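In: Output the structure for:
(one chain, ligands or ions: 1)
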Amino acid sequence: MKTIAAVSTPKGVGAVSMIRLSGDEAIETANKIFKPKSGKSLMQVGANEAVYGVFHDEAGEFDDGLVTVFRAPRSYTGEDVAELCCHGGALATGRLLRAAIGAGADYAAAGEYTKRAFINGKLNLSQAEAVGALIEARSDTYLSISVRQLGGELSKKIDSLIGKLSFLAASVYAYIDYPDEDLTDVSVEEMKERLGEILAEIKKLSGSYRFGKAVSEGVKTSIVGRPNTGKSSVFNLLAGCDRAIVTEIAGTTRDVITETVKLGDILLCLADTAGIRDSGDTVEKIGIERSLESIDSAELVILVLDTSRKMSDEDREVINRIVDSGKSGVTVVLLNKSDLGADFYFEVPFDRVIEFSAKEGKGFDELVETVAEMFGEGKLESLGEIITNARQYGAIEKGRRAVESAIKALDSFTQDVAGFDIEEAIAALAETDGKAANEEIVNEIFSHFCVGK
Ligand code: GDP
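Out: Numbers count the residues shown, from 1 in each chain. Take a look at the predicted model:
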């Protein structure tokens, strides 16, 4: 493939910058702009060997450094690769990249190295995604999940499920084609039982996304309550900075502010919503409607109540809204302003209630623990492989539905339909690793990578 070049190290000043060339003429191209001190040509340098020398362009020599040579297929991309390390100033780095382009390389597109690694079979799709996740990981937990995925643990799990399903598909077809011959040991009953076991494994995998999403993409969180209960203060406490405006005048948080914060290992995508109450002010009204709507799509609702005032109809209205939205199970109640020592009684139809003070930080640790427990952090060990992105989750859910439908089909004795469903399940699971992914999906995934990766 055409040789590409990009800076693989971060922008800015550092001790060393690395420019990576990959493609059929990577080593030749590097050789045109690099003179090894030994006098040897790069073409004569062995695989995985680094040589010291000077970089030059048409204007002359401009830096010295190291070039490491990798030869196909034993490189990150599976192609010939030359890694050029120069000094880390912006000037030298830019000049070296331009020299590589001048010598015939093309600028690499975002994620193009990893995409080539995928195309050349060095990585499958879930492993390629794990590379992106490793770079972006904001917690040790996400990092260790990504390392396992990069090592192919998720792929092994998927392959084992596909293997079991393929065996059953073959059995189904043997029944259909040769109903009178005893070609397979698997009875319909046994087939149903085995499909049931596979379904349980798929469900476990799909269920892991609740935790996987919480550490990778984040939990959509809505902080709600009537005005002045301390929602902005809770938001700021969580965000650790004064992003939202906190004020004593009721109804100042008019729009929805969002921020992603880390609570333990869990990421919360916080929306600080306007106080929920009847309002004549139109701007504020829009904010309040959004706030109520945010409950519907929230994966975690933090209800803030002000314990220094008696429980009001407005509080009850918000509570009813949470119950009506079916969000009781994902709601945490903060009985805020507990530092004021008032003794009003608050009755709420939710299980998770924390005595809180946004002002003093009281109850914060309990909130962290509660959220961790809600999203399964404590069960990390027993979760096994963990799905961390929506694409993988979608593929696995498609597989789950197909297996469920195969079990139903066997119940009604239409084995050909069951065979079709099993094949569909195999295809869906194969998508996880990109074995059946179409080009659009592949392009979409790699477009999210940074240039140079
Ligand atoms: P919001 O309208 O619900 O966003 O409420 P704010 O966060 O703006 O807080 C309203 C008022 O309550 C402000 O004066 C805050 O300083 C105060 N407040 C918030 N939390 C606490 C708390 O835990 N204790 C005390 N004493 N005051 C608080």
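In: State which one residue of the stretch 1-150 of the chain is found closest to the ligand.
Out: Of all residues in the stretch 1-150 of the chain, Arg138 sits closest to the ligand, at 26.1 Å by C-beta to the nearest ligand atom. C-beta coordinates here come from the backbone N, C-alpha and C atoms, glycine included.
In: Regarding that residue, what is its secondary structure?
Out: Here Arg138 is coil, with the state taken from DSSP: H, G, I helix; E, B strand; the rest coil.
In: For it, list the residues it contacts.
Out: 262, 267 (C-beta atoms under 8 Å, 6 or more residues apart in numbering).
In: Go again with 10 Å.
Out: Arg138 makes contact with 215-216, 218, 260, 262, 265, 267 under the criterion C-beta atoms under 10 Å, 6 or more residues apart in numbering.
In: so Ala5 makes contact with Met18?
Out: No. Ala5 is beyond contact range of Met18, at 11.1 Å (criterion: C-beta atoms under 10 Å).
In: When those two are compared, which one has more neighbours?
Out: Taking neighbours as other C-beta atoms under 10 Å, Ala5 and Met18 compare with Ala5 leading, 28 against 19.
In: Any idea how far the helix or strand that contains the more buried one is from the middle of the chain?
Out: In this assignment (DSSP states H and E), Ala5 forms part of strand 4-7. Distance of strand 4-7 from the chain centroid (C-alpha atoms, centre = their mean, to the nearest Å) equals 26 Å.
In: I'd like the next helix or strand past the least confident helix or strand in the chain by mean pLDDT.
Out: Using mean pLDDT, DSSP states H and E, helix 380-383 stands out as the lowest-scoring helix or strand of the chain, at a mean of 65. Next along the chain after helix 380-383, taking DSSP H and E as the criterion, comes helix 390-411.
In: Now the next helix or strand after that next one: buried residues?
Out: Downstream of helix 390-411, the next assigned helix or strand under DSSP H and E is helix 415-432. Within helix 415-432, the residues that count as buried by 16 or more other C-beta atoms under 10 Å are 415, 417-432.
In: same deal with stretch 188-204?
Out: Across stretch 188-204, burial judged by 16+ other C-beta under 10 Å covers 191-192, 194-195, 198-199, 201-202.
In: Ok, stretch 404-411 next?
Out: 404-407, 409-410.
In: How about exporting stretch 48-59 as PDB, limited to the C-alpha atoms?
Out: Taking Å, rounded to 0.1, in the frame of the first residue of the first chain, the C-alpha atoms of stretch 48-59 are listed here in PDB:
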ATOM      1  CA  ASN A  48      13.700  -4.500  14.300                       C
ATOM      2  CA  GLU A  49      17.100  -2.700  14.200                       C
ATOM      3  CA  ALA A  50      17.600   0.900  15.200                       C
ATOM      4  CA  VAL A  51      20.400   3.000  13.700                       C
ATOM      5  CA  TYR A  52      21.800   6.400  14.500                       C
ATOM      6  CA  GLY A  53      22.300   9.100  11.900                       C
ATOM      7  CA  VAL A  54      21.300  12.600  10.600                       C
ATOM      8  CA  PHE A  55      18.100  13.800   9.000                       C
ATOM      9  CA  HIS A  56      18.300  16.000   6.000                       C
ATOM     10  CA  ASP A  57      16.100  17.700   3.400                       C
ATOM     11  CA  GLU A  58      16.900  19.700   0.200                       C
ATOM     12  CA  ALA A  59      18.200  22.600   2.400                       C
END
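In: neighbouring strands for the strand holding Ala5, and are they parallel or not?
Out: Strand 4-7 pairs in its sheet with strand 14-22 (antiparallel), strand 106-107 (parallel), by DSSP bridges.
In: Contact partners for Gly196?
Out: Applying C-beta under 10 Å, 6+ apart, the residues contacting Gly196 are 403-404, 407.
In: and if you look at Gly78?
Out: Residues in contact with Gly78 (C-beta under 10 Å, 6+ apart) are 1, 22, 70, 72, 116-123.
In: Name the single longest strand found in this structure.
Out: In the chain, with assignment by DSSP state E, the single longest strand is strand 60-70.
In: Need the three-state assignment for Met127.
Out: Slight slip there: residue 127 is Gln, not Met. Secondary structure for Gln127, judged by three-state DSSP, is helix.
In: follow-up on the earlier one: just the buried ones from the contacts of Gly78?
Out: 1, 22, 70, 72, 116-118, 120, 122-123.
In: From the chain's centroid, how far away is the helix or strand hosting Tyr175?
Out: Assessed by DSSP H and E, Tyr175 sits inside helix 153-177. Helix 153-177 sits 28 Å away from the centroid of its parent chain (C-alpha atoms, centre = their mean).
In: cool, and stretch 404-422?
Out: Worked out by C-alpha atoms, centre = their mean, stretch 404-422 lies 33 Å from the chain centre.
In: now stretch 307-324
Out: Its chain's C-alpha centre and that of stretch 307-324 lie 35 Å apart, by C-alpha atoms, centre = their mean.
In: Is the ligand within reach of it?
Out: No. Stretch 307-324 lies out of reach of the ligand by C-beta under 6 Å from any ligand atom, never closer than 7.0 Å.
In: count of residues packed around the residue lying closest to Ser41 once chain neighbours are set aside?
Out: Leaving aside its sequence neighbours, Ser41 sits nearest to Asn31 (C-beta to C-beta, 6 or more residues apart in numbering; 5.8 Å). Residues contacting Asn31 under the criterion other C-beta under 10 Å number 20.
In: check contacts around the residue lying closest to Gly88 once chain neighbours are set aside.
Out: Spatial nearest neighbour of Gly88, excluding adjacent residues (C-beta to C-beta, 6+ apart): Gly14 at 3.7 Å. By C-beta under 10 Å, 6+ apart, the residues touching Gly14 are 87-90, 93.
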